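> sequence and predicted model, in that order:
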Amino acid sequence: MSDVWSGGCLCGEVRYRCAGEPISMGLCQCGRCQRQSGSAFLIATVFPREAVTFERNAPAIYTARHADGKCLYRHFCRECGSAIMITLDRYPEIRSMMGGTLDDTTRLKPSFSLWCSSAQSWLSLPPDIVQHAAYPDGLIA
Ligand SMILES: [Zn+2]
Ligand SMILES: [Zn+2]
């Protein structure tokens, strides 16, 4: 299996490569991720910051400032709007790549979900996905 995880947006304007293996793979079912994805959750494939390189254009950034003053950055293609990556002031050492943008999505194996407290009522996840009601302290995702 290749140790490079490549991906990109719908229109091809944004292309990226991640070297090595992801630190973690998880879902987020918070209301903001549902709204951004237009779906029931987003899939985060987490890599170290230095593992991720953009090959073409850098994505545009939507910045969300939280009550504590720390920001969460949602990176997206300025042409087609695809969600590409999330970065956080809280964990500057990681990059969360949106799983659906991978070229080979069969490599996705999410092991946990955040914010199950706001999950869609019709959705039940497989039992081997650890379900957190919120975002537990200490979890890097
Ligand atoms: Zn695009
Ligand atoms: Zn979320």
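Now that the structure is in, tell me what you want to look at. Ligands and ions are numbered 1, 2, ... in the order given.
> leaving out sequence neighbours, find the closest residue to residue 34.
Leaving aside its sequence neighbours, residue 34 sits nearest to residue 40 (Cβ to Cβ, 6 or more residues apart in numbering; 6.4 Å). Quick note: C-beta positions are derived from backbone N, CA and C, even for glycine.
> now that neighbour: phi and psi?
When read as degrees, to the nearest 10, the backbone of residue 40 gives phi -80, psi -20.
> so who does it touch?
29, 34, 119, 120, 123 (Cβ atoms under 8 Å, 6 or more residues apart in numbering).
> distance of the third one from ligand 2?
Pointing back at residue 119 there. Per Cβ to the ion, to the nearest Å, residue 119 is found 11 Å from ligand 2.
> OK, contacts around the nearest residue to that residue once chain neighbours are set aside?
Closest residue to residue 119 apart from its sequence neighbours, by Cβ to Cβ, 6+ apart: residue 29 at 4.6 Å. Counting by Cβ under 8 Å, 6+ apart, residue 29 touches 40, 41, 113, 114, 115, 116, 118, 119, 120, 123.
> just give the closest residue to the fourth one, not the sequence neighbours.
In this structure, residue 114 finds its nearest non-sequential neighbour in residue 28, 4.6 Å apart by Cβ to Cβ, 6+ apart.
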